[in-house]
Structure formats: structure tokens, C-alpha cells
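**Student:** sharing a model that was predicted from the sequence below.
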Amino acid sequence: MTFEYSSAPESRAIVTIDPVYKLFIGGKFVAPKAGKTFTTINPATEEVLAKIAYAEKSDVDKAVKAAQEGLKVWSKMAPSERGKYLYRIARIMQERAREFAVLETMDNGKPIRETRDVDIPLAAAHFFYHAGWADKLEHAGVGNNPKPYGVVGQIIPWNFPLLMLAWKIAPALATGNTVVLKPAETTPLTALLFAQVCQQAELPAGVVNIVTGDGATGAAIVNHPGISKIAFTGSTDVGKLIARSVAGTGKGLTLELGGKGANIVFEDAPLDETVEGIINGIFFNQGHVCCAGSRLLIQENIQDELLEKLKSRMSQIRLGDPLDKNTDIGAINSREQLEKITELALSGDAEGAERFSAACTIPAKGFWYPPTFFTGVTQAHRIAREEIFGPVLSVISFRTPQEAIEKANNTPFGLSAGVWTDKGSRILWTAKHLRAGVIWANTFNKFDPASPFGGYKESGWGREGGRHGLAAYLKGAK
Amino acid sequence: MSNSKSRLDVKKTYKLFIAGAFPRSESGRTYEVKDSKGEFVANPSLASRKDLRDAVVAARSAHGGWAGATAFNRGQILYRIAEMMEGRSAQFIDEIVALEGLTPSAAKKQVEEAIDLWVWYSGWCDKIGSIYGSTNAVSGSFYNFTIPDSLGVVAVFAPAKPSLLGLVHSLAPVLAGGNTAIVIASEKYPLSAITLSEAIGTSDVPGGVVNILTGSAAELAPWAASHMDIDGIDATGLSAAQEKEVRIAGADNLKRISTFKDGASPQRVLAFMENKTVWHPIGV
């Protein structure tokens, strides 16, 4: 006898999607000068959701001017008043949380359970947390006389659209900067809903400006002389391009880039909890997570037992309609990303690794990839070195703790790592020797506005969140 | 014994400092250093790209031990360097007078400031984590903390002068943060750096923690910038044009590159440190 889940779809009635969206500049929605648009789709159905304004150089220029005007008001305001605006924004986001969650799920493809329980509450929490910093910056340990940069350009990715917006805008505003933000091309809708929140909060015009577009729009932001600091989250390749572009300009730059996180399981780990952690580490958000635990390092003597448990658990994963409250894995965000995941996984087959994919029904429309792991992976394989940014796990074994560290650190990235063991001293020893910015011990993929996030090595520059994240937006930190 | 009036000086051969040893440049090259009046002083080594690469290997090998030593131990070793510098004060002063053309009293002041600054940074080793680490009040049943961690191998282009004080401003914070260093000495005023290497060589500093190259910053900066096993660069001593080139080439492995204005600050230590955040659930 089998028990099937009934479908439990979240209603999309709470969301109103306009047919066309404009740019948000100087507190108003304005049409792009050239009148160009692009479309955003629901990756689970391929349905077109809306037409989005395409910002060209002249539109970015207008947004920067608006941000410069906004700065005149924002920088003169008492810090405690700035903080109160952030509190207002946090509260409105909480009030409209369900609307944000449904819209994010439709535009991104991630499950409603995740937008409802993770993305949106954390985004609101990020504003609430930073609101309290606005009038305490001289106590933040970032120099005696911390000063904002001025106008900050921010470019964010599609994997956590609203949450990344919050990670960028909340600290920038708390520290007295004004912003020009570009959401990702495939996920602009919650950023434009956030623009409405700014209006409801009566945020002074020009403090937040949102320009939609593609890489060329991003480049116009990066190269604009009126911008004093760039904050970017995205791929390591683009991060390096930006670093070269701003060299010699005196612009500040922080980068949150790629990763190839090692999730290390020692022989004494509690296996059932570990399996949950592995699942969460690589399949959370369809694996579209820069800090995903995409390399599973298992101590050799428990490998077979652990992988059997992992297979069994993977067979329980529910892939499908992202708006269904029972769904664990939603849609891949775009056709382009699906092709990238597919190509890298095929390289795993070609290089001799062995594939296991959970048996699940792939919907007829939309972009999907089944939860997958590879065994027999060597450190030279592409799937062990390159960021896949999808639900694909590479399994590598080790014998001694020293070998685990060596393999874990054998990557140009250094964003995250996990360690699973019952022994406290081994946790701390492992954490000490891992060259990574965030280490989850007996847990994985936890995020909090109070917890600094960011990478070593080629995973980026600087931190976001916590006291340490403030330094990214203050010049006094030198 | 010869008559002291006619005694000939025993002149020193000025060499590089790599992996705790004092080799000549593998290239066999030297260059001429003159004093402030244009008179010949020395033929120090003109370090090559290969010397730089050897220094990187030495610095990388030494990093684990230096970063892994207790902070108290690192503080004691750095303090020991200050003790050795004090003993060589007269030599530092003579060389600064000769090369920079300062009066003896101005040179003495520079040396005293440099030694005191070195002592100041040595005291930061076991305090930086207390002041700039944190426990973070996350929402949920987790213990969460952030600690500063050493960056790795840092190349140091100190300002040309004040030749000793400027070098200490750049080098001491790099070491206090648990990093190993490759110093490219001031081309025109290299003697302070060479004498400092001799003080370091007698201070229980493990070989490779500090490596000092004399020669041309213009020649070595591009190689340092593109070297994939260098993690950070203090570019304070480079020109704006050189700094830009270093930042462009340094983007290949996203080196942490900084320049600094005068002044001692724990921010200079932090500029070459990472932050590591660790989460663990709380439960019974």
C-alpha cells in the first residue's frame, strides 16, 4: 500500500502582476528612454509573466543622478531617523510576506515552502537587523570616523532574488549610502515589488533606485564615474572582470562569488542527521546556492552505508510544482542554467564517474533536473572542480582527517564547508584547518543577518551580514 | 695586528633573505646603491623573478607553522625582533643618515619610532581575535562565532622612505595577522631592509616567514601580481600606475590588495586577514 500526497497548491490570487514594469528611479516608476523591454517567465511553466523595462546607459545615468540627489537628503538625516525607515521597510515586507513569497516562487521557480519560510522572512530580518546599526556605527569597530561611500552600485543574482536585494540594500542604507541596484535578468519581479514597499515606507526619493536589464546594464553601473562603490554577487568570472574594470578608479568593491563547498563526514557522524544535512547542503534551492555542499567527502569505512541511506532519502524528495506546499525541489531557474548543469553532469559520465539520480517524474513543461550524485569522482574531474550550481553532488572518499582537509582545501574557492562528527575537538580542529569563510558543523546552509557571510580565496572580497558586513559600506574601515 | 690607523674595513656583501638563509640572487645580478651625496655604498642583489618565486615557495611552506603557532608565541617572536633591532640601532641610524641624508638625530628618531611601532604590533597578535572576532546572536538554536584568520602569503611593497619606519608600518601588521611575507625593499634605500633581515635572522623567526628581496619594484611587481600563490599585496610603495597594473593582474586569483596612509592601526592587520564564521547547533 502506498500513500500519495494530495496536491496542496498555494493560491496565486494574492499576487497582481502588471503586464509591463518600468524602472524605479527617484522614487517613481519611469519608462526607459529607448522604450526597450524584455520578458520574464515562470521557469516551472515557461509562461510569460511580464514585460520588463530594459535599462541602457542613459537610464543608468539617470538613476545615478537620482541617487546623488537622494544622498543629499539621506546623508544629512539623523542616523536614528535612517534606522527608522529601515524598520518601516522591514515591517511592510513582513506584512506583505505572502505576496512576496508567491511572486518569488513564480518568477524564480523555487518551492513556496522555501520562499515562505526562508527567503522572505530572512530578507525582512535583514532590514530589521541593519536598522539597529544605523545609529551605532561608531561602535562597529570599523574605524573611528566611519563614512559612507556615497552612491553604491549593486548587482545581484537570480538564486535568492529578494534575499540578495536585502543583503545589499539594508547595510548600504544603514551606513548612509544610496543605491542603484540591478536585479538579475530572469528574476526582476520581487525587486520591483520592493520598490513599491519603498514608496509605502515613504523612503526619500532617490535613496533606492532599481534598474532592470542584462549584463550591459550591469557594466554601465560598474563603469559609471558617479558611483563610488560596487557590490556584486554572482559568478567568479564576472567578479574578476569587475575587479579589473574598477582597478585604478578608487572605487570600493566587494564580491560574493562562486564556491565548491566540501561537506566532510567523519566515521562517527550521526548518519541520519548527516543525510538530512547532505540533502539540505546540495538540494536546497535546486542547488542554486554559491555555498552549496557540492563535494561530499566521506570517510571511506562508512561510505557504502551512508550512500545507501542517501539514496533512500533521495527517493522521498518531491520534485514538481513550486507553488505546491509539499514540493521539495522546484524548477531550474532558466533554460541556460539547465543546459549548463546538463553539460557538466555529462562531463562526469564522460570522465568515468558513476551517476545516481533519484527516480522522479519530470513535468512536461519548464526546466527541471533530478537530484543526482556521482561516485567514483577524482579531484581532477570537472564535476569536482567547477561550480555546477544545480542539484548535482560529487562524492569523494578519504581515510584520515589530514587527507580530508587536503582534499577540502584543494580548490581555488573558499566559501563554505561542512563537518559532521560527534567529537567536539575534531569539529574545532577541522574548522580551524578549513580555508573557508563559513563552516557549518553538524548543520548546513543556515543563514542569519547577524552572521557574517563571505569567502576566502576566489570566492570573493569582504563579508555580508553581521558587524563585519558593515565594513563593506564604510570608508573608515581602512 | 696592523696599526688601527691603517686598518682596512671589512665590508659586507649585501644579500637577499629567503627561507631563513642569505643567498645572492640566482641571476647573479647586482645594482649600485649610492648615498645621498652620490658616493658608492653597496652592490646589493638585483632580485629576479626566480628569486621571487623561491621566496613564495618559502613563504607558503612557512605559513602553516606561523599561522598555527599560538598567538602568544608569535607575539613573543615579534617582540624578539624589536629586541634585536634595538641592538642594531647604531647601524640602522648610520645607514639612514648615509642613504636618506637625514641628520643623525632625525635618523635616531626614525629608528626609535620604528622599534616602538614593531613592539606595538607584536602586542596585537593575541588581541586581534578578541577585539575583532564576535559571537553572533543568530535566530535559532545555534552557537555562532566569527574569528579573524590569516590570509596566507603577502607581498609587501613598502614606501621608499622613511626606509625603516615605512617598512615596519607595512611589514609588522602582515606578520601580526599570522601571514608570511615577501618584502620588496626600497630600490633606492635598501639598507634598512637588509639590516632588518639580519635582525630577523637572529630572532627565532622560522625560516620563510619573512623573505626580503632587494632590487627593482617595477620589475618584480607584475610578477608578484600575477603569481597565483600570493594571496595579498600591500601596494603602498608603488606608484598609482603600478598599483593599477597590480590590481588588474591580481584579479586573476582575486588577491587582497591594499594601500595605506600613514598611521598605525589594527585595520592594517585586518586588511590581510579573512573572517571565518562557524555554526554549531545547541542541543542535549
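**Tutor:** Received, thanks.
**Student:** now the stretch 1-150 of chain B against chain A: closest residue?
**Tutor:** The minimum distance from the stretch 1-150 of chain B to chain A, using CB to the nearest CB, falls at B:V138 (3.8 Å). (Glycine included, C-beta is placed from N, CA and C.)
**Student:** so who does that residue touch?
**Tutor:** B:V138 sits next to A:K446, A:D448, A:A450, A:S451, B:N144, B:W279 when contact means CB atoms under 8 Å, 6 or more residues apart in numbering or on different chains.
**Student:** now render those as CSV, adding neighbour count.
**Tutor:** What follows is the contacts of B:V138, written out as CSV (neighbours: other CB atoms under 10 Å in any protein chain shown):
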residue, neighbour count
A:K446, 16
A:D448, 22
A:A450, 19
A:S451, 26
B:N144, 23
B:W279, 25
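**Student:** returning to what we had before: what about the residue of the stretch 1-150 of chain B closest to chain A, distance to A:P449?
**Tutor:** Separation of B:V138 from A:P449 (CB to CB, to the nearest Å): 8 Å.
**Student:** got it, and A:S315?
**Tutor:** Relative to A:P449, and taking CB to CB, A:S315 is found at 36 Å.
**Student:** mind pulling up the pLDDT for the residue of the stretch 1-150 of chain B closest to chain A?
**Tutor:** Note for B:V138: predicted pLDDT of 98.
**Student:** that one: which element?
**Tutor:** For B:V138, there is no host helix or strand (DSSP states H and E).
**Student:** residues contacting stretch A:54-65, please?
**Tutor:** Under CB under 8 Å, 6+ apart, the answer for stretch A:54-65 is A:23, A:25-26, A:30, A:32-34, A:36-38, A:53, A:151, A:153, A:180, A:182, A:209, A:211-214, A:216-217, A:220-221, A:224, A:226-227.
**Student:** show me which of these are buried.
**Tutor:** Using 16 or more other CB atoms under 10 Å in any protein chain shown as the burial test, those include A:23, A:25-26, A:30, A:32, A:37, A:53, A:151, A:153, A:180, A:182, A:209, A:211-213, A:217, A:220-221, A:224, A:227 as buried.
**Student:** among the residues you listed, which are in strands?
**Tutor:** Among the buried ones among the contacts of stretch A:54-65, the residues falling in strands (DSSP state E) are A:L23, A:I25, A:V30, A:T37, A:A53, A:V151, A:G153, A:V180, A:K182, A:N209.
**Student:** the residues you listed: which two are farthest apart?
**Tutor:** A:T37 and A:V151 (25.8 Å; CB to CB).
**Student:** can you name the element that comes right after the host helix or strand of A:L71?
**Tutor:** Applying DSSP H and E as the criterion places A:L71 in helix A:57-74. Once helix A:57-74 ends, the next helix or strand along the chain (criterion: DSSP H and E) is helix A:79-95.
**Student:** I'd like the next helix or strand past that following helix.
**Tutor:** helix A:97-108.
**Student:** how does chain A divide into domains?
**Tutor:** Domains of chain A are assigned by automatic domain parsing as A:20-257+A:457-477, A:262-441.
**Student:** hey, which of those domains is tucked in deepest?
**Tutor:** Greatest average neighbour count among these goes to domain A:20-257+A:457-477 (a mean of 22), per mean count of other CB atoms under 10 Å in any protein chain shown.
**Student:** tell me how far that domain lies from the chain's centre.
**Tutor:** 13 Å (CA atoms, centre = their mean, to the nearest Å).
**Student:** and the residue nearest the centre of chain B?
**Tutor:** B:L171 (3.1 Å; CA atoms, centre = their mean).
**Student:** quick check: residues of the stretch 51-200 of chain B near chain A?
**Tutor:** Residues of the stretch 51-200 of chain B lying near chain A by CB under 8 Å from any CB of the partner chain: B:I131, B:Y132, B:S134, B:N136, B:A137, B:V138, B:S139, B:G140, B:F142, B:N144, B:T146.
**Student:** out of those residues, which end up buried?
**Tutor:** B:Y132, B:S134, B:N136, B:V138, B:F142, B:N144, B:T146.
**Student:** could you check how far the third one is from A:V438?
**Tutor:** Spelled out, it's B:N136. Here the criterion is CB to CB. By it, B:N136 lies 11 Å from A:V438.
**Student:** and what of B:T259?
**Tutor:** Distance from B:T259 to A:V438, by CB to CB: 29 Å.
**Student:** from the buried ones among the contacts of stretch A:54-65, which are also near chain B?
**Tutor:** Among the buried ones among the contacts of stretch A:54-65, no residue sits close to chain B (CB under 8 Å from any CB).
**Student:** got the contact list for A:I383?
**Tutor:** Contacts for A:I383 (CB under 8 Å, 6+ apart) come out as A:L344, A:A345, A:S347, A:G348, A:E351, A:A353, A:F374, A:V377, A:V392, A:S394.
**Student:** let's see which of the residues you listed end up in strands.
**Tutor:** Using DSSP E, those in strands are A:F374, A:V392, A:S394.
**Student:** distance from the helix or strand hosting B:K109 to the middle of the chain?
**Tutor:** Assigned by DSSP H and E, B:K109 falls within helix B:104-122. Centroid separation between helix B:104-122 and its chain, computed with CA atoms, centre = their mean, is 15 Å.
**Student:** same for it, what does it pack against?
**Tutor:** When contacts are defined as 3 or more CB pairs under 8 Å, 6 or more residues apart in numbering or on different chains; DSSP states H and E, helix B:104-122 packs onto helix B:71-87, helix B:89-100, helix B:163-176.
**Student:** can I get those helices in TSV with distance to A:F283?
**Tutor:** Below are those laid out as TSV (distance: least, CB to CB, whole Å):
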stretch	distance to A:F283
helix B:71-87	40
helix B:89-100	62
helix B:163-176	41
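**Student:** go through the ones you listed and name the closest to A:E458.
**Tutor:** helix B:163-176 (20.8 Å).
**Student:** what residues does the stretch 1-150 of chain A put near chain B?
**Tutor:** Near chain B, when you scan the stretch 1-150 of chain A using CB under 8 Å from any CB, you find A:A125, A:G141, A:V142, A:G143.
**Student:** and those residues, which of them are in helices?
**Tutor:** Judged by DSSP state H, the subset of these located in helices is A:A125.
**Student:** JSON lines please, covering the domains of chain A and showing distance to A:Y5 and mean pLDDT.
**Tutor:** Below are these laid out as JSON lines (distance: least, CB to CB, whole Å; pLDDT from 0 to 100):
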{"stretch": "domain A:20-257+A:457-477", "distance to A:Y5": "13", "mean pLDDT": "97"}
{"stretch": "domain A:262-441", "distance to A:Y5": "5", "mean pLDDT": "97"}
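**Student:** would you turn those into TSV with distance to B:S216?
**Tutor:** Below are the domains of chain A laid out as TSV (distance: least, CB to CB, whole Å):
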stretch	distance to B:S216
domain A:20-257+A:457-477	21
domain A:262-441	30
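**Student:** doesn't B:K127 make contact with B:P148?
**Tutor:** No - if you go by CB atoms under 8 Å, B:P148 and B:K127 don't touch, sitting 10.8 Å apart.
**Student:** more crowded one of these two?
**Tutor:** B:P148 (22 against 14; other CB atoms under 10 Å in any protein chain shown).
**Student:** what about that one, which SS state?
**Tutor:** Using DSSP: H, G, I helix; E, B strand; the rest coil, the structure places B:P148 in strand.
**Student:** list the residues that contact it.
**Tutor:** B:I128, B:G129, B:Y132, B:G133, B:G177, B:L270, B:M273, B:E274, B:N275, B:K276.
**Student:** please, a PyMOL command that selects the buried ones among these?
**Tutor:** Here is the PyMOL selection string for the buried members of those, based on 16+ other CB under 10 Å:
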select buried, chain B and resi 128+129+132+133+177+270+273+274+275+276
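**Student:** output the contacts of B:P148 in a markdown table; the columns should cover secondary structure and pLDDT.
**Tutor:** A markdown table is the format used below for these (DSSP: H, G, I helix; E, B strand; the rest coil; pLDDT from 0 to 100):
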| residue | secondary structure | pLDDT |
| --- | --- | --- |
| B:I128 | helix | 97 |
| B:G129 | helix | 97 |
| B:Y132 | helix | 97 |
| B:G133 | coil | 97 |
| B:G177 | coil | 98 |
| B:L270 | helix | 96 |
| B:M273 | strand | 98 |
| B:E274 | strand | 98 |
| B:N275 | strand | 98 |
| B:K276 | strand | 98 |
